[in-house]
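Student: turn this into a model:
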Amino acid sequence: MVNPNITVAMTEAVVAHVRARMPAGFTVRGITATQGAAVIDSRASFAAAAAALPALVAAHQPTGGVLLACFGDPALEALRRALAPQPVVGLAEAAVSAARAAGRRFAILTAGPAWVGMLTERVADFGAANALTGVYALPVNGRELAAEPERFRGLLRDAAREAEQAGAQALILGGAAFAGLAGLVETSLPVIDAIDAATAALLQRLAVP
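Tutor: As a prediction, the model looks like this:
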């Protein structure tokens, strides 16, 4: 599990979330960037993470599947080329694929205003622009959300309501900071936890029944 920011607490939270969902016999190892941003919340920090990720992953010589724990999936395509045939999955691609497999139009709830345009573009990269009803961002970054999740319950509820009114049939939690926070979103719509979606996708690619 690769975290392209330098916040070790975020790595630990995602590793714990993934480990709880893996079958017996699997080991989950967390890799945290040693340089870069404490949180990826801008085009500049995203681009820097994407540039650094191939060397970071290569230095740790992963022997199994790789889960990229940044919702915009920086360097996903480059990592797949470098590590083939090892499977590499990203949070955003996996969550979008899960929504599309269910035949649902979806909205993304995320943290950080800069992600609105970035994720809209990334969804288009995945060929799913026509299924996206909107990206709704909290006015804080993922690190702040993870530190005080209850503080943002009302904003998440309002964003979920707005997304439903705009025609969303499912909500994607867009960010590693949402690990374990699906219950925080008060909505009648199906909620797709991107980490859960990525874990399931990775197991499928590893041919685990």
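Student: how is this structure divided into domains?
Tutor: Split into domains by automatic domain parsing, the chain comes to 2-90+197-205, 92-194.
Student: least trustworthy helix or strand in the chain by mean pLDDT?
Tutor: helix 142-147 (a mean of 90; mean pLDDT, DSSP states H and E).
Student: if you count neighbours, what's buried in that one?
Tutor: Buried residues in helix 142-147, counted by 16 or more other C-beta atoms under 10 Å: 142-146. From N, CA and C alone the C-beta is placed, and that goes for glycine too.
Student: does the most far-flung residue of the chain relative to its centre sit in a helix, a strand or a coil?
Tutor: Largest separation from the mean C-alpha position in the chain: residue 25, at 24.5 Å (C-alpha atoms, centre = their mean). Counting by DSSP: H, G, I helix; E, B strand; the rest coil, the backbone at residue 25 sits in coil.
Student: just send the buried residues of helix 142-147 back as JSON lines, with distance to residue 116 too.
Tutor: Output for these, formatted as JSON lines (distance: C-beta to C-beta, whole Å):
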{"residue": "142", "distance to residue 116": "14"}
{"residue": "143", "distance to residue 116": "18"}
{"residue": "144", "distance to residue 116": "17"}
{"residue": "145", "distance to residue 116": "15"}
{"residue": "146", "distance to residue 116": "20"}
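Student: residue 158: which of those is nearest?
Tutor: Nearest to residue 158 among the buried residues of helix 142-147 is residue 145, at 14.9 Å by C-beta to C-beta.
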